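*Asks:* Have a look at this fold, sequence not included:
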């Protein structure tokens, strides 16, 4: 059964950093494009970025540009989202998603989703 297992969320102070992980269970991540999304309370889900199977990256959403970096380690079957200089407005549930064919910031393009991990930025 294809599963995306997320980890790395938590509570961090403004200006701090977190690294989110998205690991594949039951399949090989090498063949999939992976996107990161987030959803804050009362807001629509926002696409942050995507990484292709070969490591190419889509443009980052303005909200994370210059602060967030997506990467992948196929040997570990894992994709990461490094988040620096975190702000209270980054508070949200963060999701990773996988798709064989698409790499975009549009959530409708993805077939498989992780369960989400909560990120809270607060002093």
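*Replies:* That came in fine, so what should we check first? In this text the structure is predicted, and so the values were computed from the model without any measurement.
*Asks:* In contact with residue 2, which residues?
*Replies:* For residue 2, the contacting residues are 24-27, 98, 112, by Cβ atoms under 8 Å, 6 or more residues apart in numbering. For the C-beta atoms, the positions are set from N, CA and C on the backbone; glycine is no exception.
*Asks:* out of those, which one sits closest to residue 66?
*Replies:* Using Cβ to Cβ, residue 98 comes nearest to residue 66 of the contacts of residue 2, at 25.5 Å.
*Asks:* thinking that closest one is in contact with residue 109, fair?
*Replies:* No - in this structure, residue 98 is not within contact of residue 109 by Cβ atoms under 8 Å, at 10.5 Å.
*Asks:* shared neighbours of the two, anything?
*Replies:* Contacts common to residue 98 and residue 109, judged by Cβ under 8 Å, 6+ apart, are residue 35.
*Asks:* The two: which is more packed in?
*Replies:* residue 98 (23 against 16; other Cβ atoms under 10 Å).
*Asks:* contact partners of the one helix or strand the more buried one maps to?
*Replies:* Residue 98 belongs to strand 92-99 when assigned by DSSP states H and E. By Cβ under 8 Å, 6+ apart, the residues outside strand 92-99 that reach it are 2, 4, 6, 9, 20, 22, 24, 29, 32-41, 43, 45-46, 79, 81, 107, 109-119.
*Asks:* Tell me the gap between it and the middle of its chain.
*Replies:* Distance, stretch centre to chain centre, for strand 92-99: 5 Å (Cα atoms, centre = their mean, to the nearest Å).
*Asks:* List the strands paired with the helix or strand just after that strand, with their directions.
*Replies:* Next along the chain after strand 92-99, taking DSSP H and E as the criterion, comes strand 112-113. As defined by DSSP bridges, the strand partners of strand 112-113 come to strand 92-99 (antiparallel).
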